[in-house]
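Asks: kindly generate the corresponding structure for this input.
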Amino acid sequence: MRLHTVTLFAFVLVATLTTLSASELTSPEPDTLRAEIAPYVLPPGLVEKVLPEINLRDAPIDELVKVFESHGVEIFVSDSLKEARLNISLRKLNLERILDMCATQIGANWLYQDGRVVLFQNTNELNATYQAHYNQKFAITQKIRAEQRRLRNIYSTTQKEMLDSAYLSEFEVKELTLKEVIGQLSEATVEAGLGKEGLGINIVPLFDTRAYTEKKSYNFRNRSFKQILDSICAEHELQWEVGFDAITIRKAR
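Replies: Numbers count the residues shown, from 1 in each chain. Presented below is the predicted three-dimensional model:
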């Protein structure tokens, strides 16, 4: 028996979210930077693997390790993360992007070294060699992200304008936690055939959803998708942004 209802009568979208190509996400010197960062990130044969779906509900970090091991990636987890738990649901993302989002949610960093991923919280947990390599990866990543931010600002403004034109005649949920509300809103985009290849839009909470246990009901009528997100996030002092492959929600800065 379903404990909630989501009613979707009409969802009109002027233009759907698209994903920028890999060449558009790099810095002005992509070949040089890719060569420099290559030893510290997943190799091509692994990073190209895309998972149709991954659901980790209040899951221990070992569950993430098992998922990656099943796809040929070993993960070493530092002692400070042994008790970490994940609450994340993703669709159609590659292994590296999944790793990025999971690491962000639990406040971790990662480095690919000696044929495995090292997942840790601070460089004090690394030996001198690993720390030096992580510092190199971090510096290169910052250069790449500077260009990504420039492109994302352009992309985000355009996509938010599009989301303003995407209306739900009605979106209703009853007595759900914040995590469940976010999940149902994401499911609504699947029903509407939005996102890349019509598979829906990932809405990823990059905060600890376990801290939001109060159950709430919402009933939005003739509101844009953006207005719905704004309303829900504002109530919980959160903020959302459009990424290249997902909408992410964080604590308001």
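
Asks: so what's the spatially closest residue to Glu48 that is not a sequence neighbour scoring on pLDDT?
Replies: Excluding the flanking residues, the one nearest Glu48 by C-beta to C-beta, 6 or more residues apart in numbering is Asn94, at 6.5 Å. Glycine gets a C-beta too; all of them are placed from N, C-alpha and C. Asn94 carries a pLDDT value of 92.

Asks: and Asn94, what does it touch?
Replies: By C-beta atoms under 8 Å, 6 or more residues apart in numbering, the contact set of Asn94 is Val47, Glu48, Lys49, Val50, Leu51.

Asks: okay, it and Arg221: tell me how far apart.
Replies: Distance, Asn94 to Arg221, using C-beta to C-beta, to the nearest Å: 38 Å.

Asks: residue boundaries of the strands in the stretch 51-200 of the chain?
Replies: Ranges of strands within the stretch 51-200 of the chain are 75-77, 85-94, 109-113, 116-120, 167-176, based on DSSP state E, counting those that start in this stretch.

Asks: so for Pro39, which of the ones you listed sits nearest?
Replies: Each of those has some distance to Pro39 by C-beta to C-beta; the shortest is strand 109-113, at 7.5 Å.

Asks: now the angle from the closest one to strand 116-120?
Replies: With axes from the mean of the first three to the mean of the last three C-alpha atoms, to 10 degrees as the basis, strand 109-113 and strand 116-120 are set at 150 degrees to each other.

Asks: I'd like to know which elements strand 109-113 is packed against.
Replies: Strand 109-113 is packed against helix 95-105, strand 116-120, helix 128-164, with contacts defined by 3 or more C-beta pairs under 8 Å, 6 or more residues apart in numbering; DSSP states H and E.

Asks: ramachandran coordinates for the residue lying closest to Cys233 once chain neighbours are set aside?
Replies: Counting by C-beta to C-beta, 6+ apart, Cys233 lies nearest to Trp240, which is 5.4 Å off, once chain neighbours are set aside. Trp240 adopts backbone torsions of phi -120, psi 160, taken as degrees, to the nearest 10.

Asks: any idea what Trp240 is bridged to?
Replies: Ile249 (DSSP bridges).

Asks: coming back round to it: compare the mean pLDDT across the helices and strands packed on strand 109-113 and name the weakest.
Replies: When the mean pLDDT of each of the helices and strands packed on strand 109-113 is compared, helix 128-164 ends up at the bottom with a mean of 77.

Asks: and the residue nearest to Phe220 when sequence neighbours are not counted, how many neighbours?
Replies: Once flanking residues are discounted, Phe220 sits nearest to Phe171: 4.6 Å by C-beta to C-beta, 6+ apart. A count of nearby residues for Phe171, using other C-beta atoms under 10 Å, gives 21.

Asks: quick one: Phe171 and Ile228 touch, right?
Replies: Yes: using C-beta atoms under 8 Å, Phe171 makes contact with Ile228 at a distance of 6.1 Å.

Asks: common neighbours of these two, please.
Replies: With contacts taken as C-beta under 8 Å, 6+ apart, the residues that reach both Phe171 and Ile228 are Leu185, Phe220.

Asks: just to revisit the earlier point, between the strands of the stretch 51-200 of the chain, which gets nearest to Gly200?
Replies: Nearest of those (C-beta to C-beta): strand 85-94, 6.5 Å.

Asks: how far off centre is the closest one?
Replies: Counting by C-alpha atoms, centre = their mean, to the nearest Å, strand 85-94 is centred 7 Å from the centre of its parent chain.
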